[in-house]
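Peer 1: Here is a sequence together with a model predicted from it:
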Amino acid sequence: MDVTTVPLTAVRPSQCYLNAEKVAAVAERVDGEVFDPGPLPVYNFDGEHYLTDGHTRAFVAHLTGRERLGVTYDVNLAADASLPVYRECIEWCNRDGIETITDLTGRVVGPGTYQAEWIEPCQAIAARIEAE
């Protein structure tokens with residue numbers, strides 16, 4: 001696995017909300033230092049690197065002052081997931097002004113809200129795309 005280190009601001013999110021319980025659970029693992037989330041998977045959409053997983057870890061890294069992230073190219077994404085679903089979620093992020101991990105500040109919500117505002121709409125997007 002090739003790991004590249006990039007500025008945190010160079011990695012774009014592919015989701016618009018974070019689950020507060022997950023953020024708290026990751027934050028509990030921080031031991032007074034800047035949190036190293038380890039290499040996070042990214043995929044190149046239209047020349048930009050988007051996280052395909054690890055949004056919560058990246059956000060906690062941001063909260064602890066980390067300025068750079070290790071990333072690795074998600075070589076299995078096209079085989080394991082629907083790229084059109086990711087693209088639509090990325091468009092949603094763009095419409096909502098979510099361009100960097102720091103933009104998720106204020107979008108950390110409780111589990112019920114996370115389910116209703118993020119998970120269920122994403123499932124609906126996937127169902128619609130699959131039916132097309």
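Peer 2: Thanks, I have the structure now.
Peer 1: and the nearest residue to residue 67 once chain neighbours are set aside, what pLDDT?
Peer 2: For residue 67, ignoring the flanking residues on the chain, the nearest one in space by CB to CB, 6 or more residues apart in numbering is residue 8 at 5.8 Å. No exception for glycine: its C-beta is placed from N, CA and C like everyone else's. For residue 8, the pLDDT comes out at 95.
Peer 1: Return the residues in contact with residue 8.
Peer 2: Residues near residue 8 by CB atoms under 8 Å, 6 or more residues apart in numbering: 58, 61-62, 66-69, 100-102.
Peer 1: Now the helix or strand of the chain at the bottom of the mean pLDDT ranking: buried residues?
Peer 2: The weakest-scoring helix or strand in the chain, judged by mean pLDDT, DSSP states H and E, is helix 77-80 (a mean of 85). Buried residues in helix 77-80, counting neighbours by 16 or more other CB atoms under 10 Å, are found at residue 77.
Peer 1: ok, which stretches of the protein are strands?
Peer 2: With strands called from DSSP state E, the chain shows them at 4-7, 11-12, 18-19, 40-45, 48-51, 68-73, 108-109.
Peer 1: For residue 131, find the nearest of those.
Peer 2: With distances scored as CB to CB, the stretch of the strands of the chain nearest to residue 131 is strand 40-45 (22.8 Å).
Peer 1: Great, nothing more from me.
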